[in-house]
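> below are the sequence and a predicted model; questions follow.
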Protein chains: 2
Amino acid sequence: MEKGRGTAHTLERVAEMAGVSRSTVSRALHNDPHVKASTREKVLEVVERIGYAPNRAAQGLAYGRTGMVGIVISVDLDEVFSDPFFAVLLRELYGAARDRDLVVSVWLLGEKDDRKTVNLITRGTTLDGAIVAAGRVDDPVVASLSTANKPFVLLGRPANGESQSFVDIDNRTAERNATSHLLRLGRRRIATLAGPGFAVAAIDRKAGYVDALAQAGIRPDPDLIYEAGFSAADAVAGTRQLMQHNPDAIVAANDVMAMAALGELAAMGVRVPDDVAVVGFDDLKAASHTTPPLTTVRQSIRLLASEAVRALSDLIEDPSIPPQQVVIPTELIVRASCGAQSQQGEI
Amino acid sequence: MEKGRGTAHTLERVAEMAGVSRSTVSRALHNDPHVKASTREKVLEVVERIGYAPNRAAQGLAYGRTGMVGIVISVDLDEVFSDPFFAVLLRELYGAARDRDLVVSVWLLGEKDDRKTVNLITRGTTLDGAIVAAGRVDDPVVASLSTANKPFVLLGRPANGESQSFVDIDNRTAERNATSHLLRLGRRRIATLAGPGFAVAAIDRKAGYVDALAQAGIRPDPDLIYEAGFSAADAVAGTRQLMQHNPDAIVAANDVMAMAALGELAAMGVRVPDDVAVVGFDDLKAASHTTPPLTTVRQSIRLLASEAVRALSDLIEDPSIPPQQVVIPTELIVRASCGAQSQQGEI
DNA sequence: CTTCCTCGTGGGAGCGCTCCCAATATAGCT
DNA sequence: AGCTATATTGGGAGCGCTCCCACGAGGAAG
């Protein structure tokens, strides 16, 4: 096993070429005000000319930071790759991180038994911190992170998260509003495609749905609640089953499911919104192009991402600050699928 | 900016606790045969007990390697997240890397202007090497990697890649076989949904299609060639356009497009395979559940991934070896959509 | 009972960087 | 000019690890 040292430039070499010391080069590169302008220019010129880039490993060793944060996605890969939500999320996280000059790498933990990688993330010195999206309440990565003293921010509140940092959207209120909206439109037998019982987001959304019913004096009917995965296939199966109990509306836990339900209802000859109203959650781009256009809850994934990155970098900056907990409001986007007259809220 | 040093354990601490020297601990951890079995056990016991994990930065500094490889996906994020191919690819790459004890991180370069990240990948000391999937013939990351002296392996042959390492499937032969199969079944007006002209895979597949026609003495008809993106939407538009020229078969550049074509043909009332035969490419899981089941080209993504990882680690091990160039054969999976009687090849 | 090996082990050096303190240069005052 | 305050700069130490050389303890061989 040959040693893998390259022939990259070093600080020392730059210093020599610029006729100054190591320290001065370092200072010049870090915009230290204690460097004379002319010296800084001289140094930067050399750096530019020879294409010097600092050795990350050495920086990390000396400084104790790497400038790199991880985005850890501990969700079944099929789900990650079938729900456009994740694409948007990742894109926004990238953008937000770049705005703060952080380099991000993605760690997909869909597979079981990835202890080594988990260890690297939680204990190693590869990452300064991480933003973690976990699909399950009992995610082992989250457990592992809370014992390691490494800054991290959860996407979505933890099941029992008194003391962890997270950024979440107000799922419960959002789904309550969506359901109330349907009630206000006169729907009474409102069913839900609730998503998996092990996902906090699904649990919260279902709770919001139940809240709204309770507020209207309606007792939730177990026949009108279909709890399974978050996928289109689950939605199709769920729609078939729910339709046996004559609902007049379906509240889906996300847009992927709502769109699948729309498709299945069409195939069954059920008219939307005349026979059954449908509302989704996420306001994916595709939601405005369905037939009929989908009424759904819009969450600002951009805000979610930027808040997560902000919280994480604050935490990295000063690990002693209290856990950051941010809840982002949502907005009900009313389109045709709920049967409301108005079309306001459309882009 | 406070210094971010954690309180993680060090080699020295482990050594002290085990009553041996730093070197011995290091040796024990690296399975150096020069360590007495009893000593090794003692060391490993301590390591296990206190949860010691080596400091990657220090290892990287001292050894010149990080043990971390990157998977760089320089493809439009929408495409990455809409074609299941990438999900399978990523999963297989993860598996193959784990088999070799490499830690992988994913670098999504869908966004423009990510120079800093590119620089980090190509010049920094964060990664020992990278496996790169580039969507375009003229991808800037590929250019940047070839000037940096860092080991990397391309997924898919480069446009002009005499001297770069790559692992590819034999797209041209595969599509030739698929097209020939249709010719053998008596189809004569074979159209193609060719994928984008800037993607090498699409170019090669189209070349294979043309090869087969030429072999049968048929001159390619521009009206029967639709060149656009790789997406379902492109396929729908393409199918509509191609159908105006009365094809009796459609060869799609991937399964996502083939499936979209199937849907659009059904919507148009065109019978498959009676009126128009359809073949895809990739053999996604979904391909066997379409109506009718899709005849398609199966490529072993697993083999692709494991060969890529193997080539990369060989290259990291010894950068002086010649470029690794692997071409993986494919297999035509005959199902109902091509109109062949036989159903062999089915799983 | 020496001498030579082998096995197992210890510790120095150094990877490239950042921090810190000391040293020098420069400027500002009286 | 003489002296202090401030602006710049230099270089040592050390981050945690791997490599390499050297050293002590047993055996085998003479």
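Everything's here; your move.
> near DNA strand D, which residues of the stretch 51-200 of chain A show up?
Proximity of the stretch 51-200 of chain A to DNA strand D is assessed by Cβ under 7 Å from any atom of the strand, with A:58, A:61, A:62 identified as the residues in range. (Each C-beta comes from the backbone N, C-alpha and C, glycine too.)
> my read: the first one touches residue B:58, true?
No. Applying Cβ atoms under 8 Å as the test, residue A:58 and residue B:58 come out as separate, 9.4 Å apart.
> quick revisit: which of the residues of the stretch 51-200 of chain A next to DNA strand D sits closest to residue A:185?
Distances from these to residue A:185 were compared by Cβ to Cβ; the smallest belongs to residue A:61, at 62.2 Å.
> which ones are touching the closest one?
B:55, B:57, B:58, B:61 (Cβ atoms under 8 Å, 6 or more residues apart in numbering or on different chains).
> mark which of those are part of helices, please.
For those, membership in helices holds for B:57, B:58, B:61, with DSSP state H as the criterion.
> with respect to pLDDT, which of those ranks lowest?
In terms of pLDDT, residue B:57 ranks lowest among the ones in helices among the contacts of residue A:61, with 86.
> distance of it from chain A?
If you measure residue B:57 against chain A using Cβ to the nearest Cβ, to the nearest Å, the figure is 3 Å.
> sketch out the low-pLDDT regions of the stretch 201-347 of chain A for me.
Flagging of the stretch 201-347 of chain A using pLDDT under 70 yields the residue ranges A:341-347.
> can you pull out the strands in it?
Per DSSP state E, counting those that start in this stretch, the stretch 201-347 of chain A carries strands over the ranges A:225-226, A:249-252, A:277-282, A:295-298, A:325-328, A:331-333.
> hey, which of these is tucked in deepest?
strand A:249-252 (a mean of 32; mean count of other Cβ atoms under 10 Å in any protein chain shown).
> neighbouring strands of that one in the sheet, and parallel or not?
Pairing partners of strand A:249-252, with direction, according to DSSP bridges: strand A:190-193 (parallel), strand A:277-282 (parallel).
> and the strands of the stretch 201-347 of chain A: which comes nearest DNA strand C?
Nearest to DNA strand C among the strands of the stretch 201-347 of chain A is strand A:325-328 (28.7 Å), distances taken as Cβ to the nearest atom of the strand.
> neighbouring strands - and their directions - for the closest one?
Strand pairing for strand A:325-328, using DSSP bridges, gives strand A:166-169 (parallel).
> give the buried residues for the strand it pairs with.
A:166, A:167, A:168, A:169 (16 or more other Cβ atoms under 10 Å in any protein chain shown).
> for DNA strand D, what's its nearest residue on the stretch 201-347 of chain A.
Ranked by Cβ to the nearest atom of the strand, the top residue of the stretch 201-347 of chain A for proximity to DNA strand D is residue A:319, at 15.7 Å.
> phi and psi next, for that residue.
Summarising the backbone geometry of residue A:319 under the convention degrees, to the nearest 10, its torsions are phi -60, psi -10.
> so how far is residue A:152 from it?
With distances taken as Cβ to Cβ, to the nearest Å, residue A:319 is found 11 Å from residue A:152.
> neighbour-wise, which of the two wins?
Between residue A:319 and residue A:152, residue A:152 has the larger neighbour count (other Cβ atoms under 10 Å in any protein chain shown), namely 26 against 14.
> can you tell me how far the more buried one sits from DNA strand D?
The gap separating residue A:152 from DNA strand D is 20 Å, by Cβ to the nearest atom of the strand, to the nearest Å.
> same deal with residue A:143?
The value you get for residue A:143 to DNA strand D, if Cβ to the nearest atom of the strand is used, is 23 Å.
> do residue A:41 as well
Residue A:41 sits 11 Å away from DNA strand D, going by Cβ to the nearest atom of the strand.
> what is the helix or strand hosting that residue packed up against?
Assigned by DSSP states H and E, residue A:41 belongs to helix A:37-50. Using 3 or more Cβ pairs under 8 Å, 6 or more residues apart in numbering or on different chains; DSSP states H and E as the contact criterion, the secondary-structure elements in contact with helix A:37-50 are helix A:11-18, helix A:22-29.
> which one of those lies closest to DNA strand D?
Among the helices and strands packed on helix A:37-50, if distance is taken as Cβ to the nearest atom of the strand, the winner is helix A:22-29, at 3.1 Å.
> can you list contacts of the closest one?
So helix A:22-29 is in contact with A:11-12, A:14-15, A:18, A:32, A:34-35, A:39-40, A:43-44, A:47, A:54, going by Cβ under 8 Å, 6+ apart.
> average pLDDT for it, rounded please.
Across helix A:22-29, pLDDT averages out at 93.
> name the residues of stretch A:310-321 that come out as buried.
Taking 16+ other Cβ under 10 Å as the basis for neighbour counts, the residues of stretch A:310-321 that come out buried are A:310, A:311, A:312, A:313, A:315, A:316.
> my error: substitute stretch A:38-52 in the last question.
Within stretch A:38-52, the residues scored as buried using 16+ other Cβ under 10 Å are A:39, A:40, A:42, A:43, A:44, A:46, A:47, A:52.
> likewise for stretch A:235-246?
Within stretch A:235-246, the residues that qualify as buried are A:235, A:236, A:237, A:238, A:239, A:242, A:243, counting by 16+ other Cβ under 10 Å.
> alpha carbons only: can I get it in PDB?
As requested, C-alpha coordinates have been extracted for stretch A:235-246 and formatted as PDB (Å, rounded to 0.1, in the frame of the first residue of the first chain):
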ATOM      1  CA  ALA A 235     -52.200   6.000  -1.900                       C
ATOM      2  CA  VAL A 236     -53.700   3.900  -4.700                       C
ATOM      3  CA  ALA A 237     -54.400   1.000  -2.400                       C
ATOM      4  CA  GLY A 238     -55.600   3.400   0.300                       C
ATOM      5  CA  THR A 239     -57.900   5.200  -2.100                       C
ATOM      6  CA  ARG A 240     -59.500   1.900  -3.200                       C
ATOM      7  CA  GLN A 241     -60.100   0.900   0.400                       C
ATOM      8  CA  LEU A 242     -61.400   4.200   1.600                       C
ATOM      9  CA  MET A 243     -63.800   4.500  -1.200                       C
ATOM     10  CA  GLN A 244     -65.700   1.500   0.100                       C
ATOM     11  CA  HIS A 245     -66.800   3.700   3.000                       C
ATOM     12  CA  ASN A 246     -68.200   6.600   0.900                       C
END
